[in-house]
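Peer 1: kindly generate the corresponding structure for this input.
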Amino acid sequence: DVSLAATKEVSNLRSKVSRFAIGTLTELFKTMKKHMDQEVEEIARVLLQKTGDSSEFIQKAAEQSLGVLAQSVSPSRVLAALMASGVNHRNPLVRKCAAEHLLAVMERIGAKKLLSGNRESVEMLVQTLVKLAQDCNQDTRFYGRKMLDVLMAHSKFNEYLKQCP
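Peer 2: Residues are numbered from 1 along each chain as shown. Here you go, the predicted model:
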């Protein structure tokens, strides 16, 4: 499978190989779109790891690839992958990138759909957003607050808050 081979090469120590592997994944997402849904979690994890790389061109390539990923595959899959791999990462650059792409995905999904999930999933989402809004990195806090604004703009958000203990 091409996507698995490319995903393995993203971690290659040779920066040129890594950059071309990231570019390959970007093209796969542009071309295959929703057919890449099964690989999203692993690829997002590897790309997020590269956004914290010391090489700036690798960081930019990984961020761009994550942007294409966020626009190409199922929003719910991207949301789950970014929350699983990026939000609790120890590197502030990785958390910032995850927050930036989470915002784009949340805007794509919309507050109505996000708040219509089961109570546990909504609670986990809100806790995650609050954590991002309180992050030590200024940019991450900015994206966290923007995501909370997306939810707070919807009338169901106040109902959700009243239900919480």
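
Peer 1: how about residue 81: what's its closest non-neighbour residue?
Peer 2: residue 44 (3.8 Å; CB to CB, 6 or more residues apart in numbering). Every residue, glycine included, has its C-beta placed from N, CA and C.

Peer 1: what's the answer for residue 93, then?
Peer 2: Excluding the flanking residues, the one nearest residue 93 by CB to CB, 6+ apart is residue 52, at 4.6 Å.

Peer 1: same deal with residue 85?
Peer 2: Closest to residue 85 by CB to CB, 6+ apart is residue 45, at 4.1 Å.

Peer 1: remind me which helix or strand the one you found belongs to.
Peer 2: Taking DSSP states H and E as the definition, residue 45 sits inside helix 40-51.

Peer 1: which residues touch that helix?
Peer 2: 3, 7, 10-11, 18, 22, 25, 36, 58-59, 61-63, 65-66, 69, 73-74, 77-78, 80-82, 84-86, 89, 93-94, 97-98 (CB atoms under 8 Å, 6 or more residues apart in numbering).
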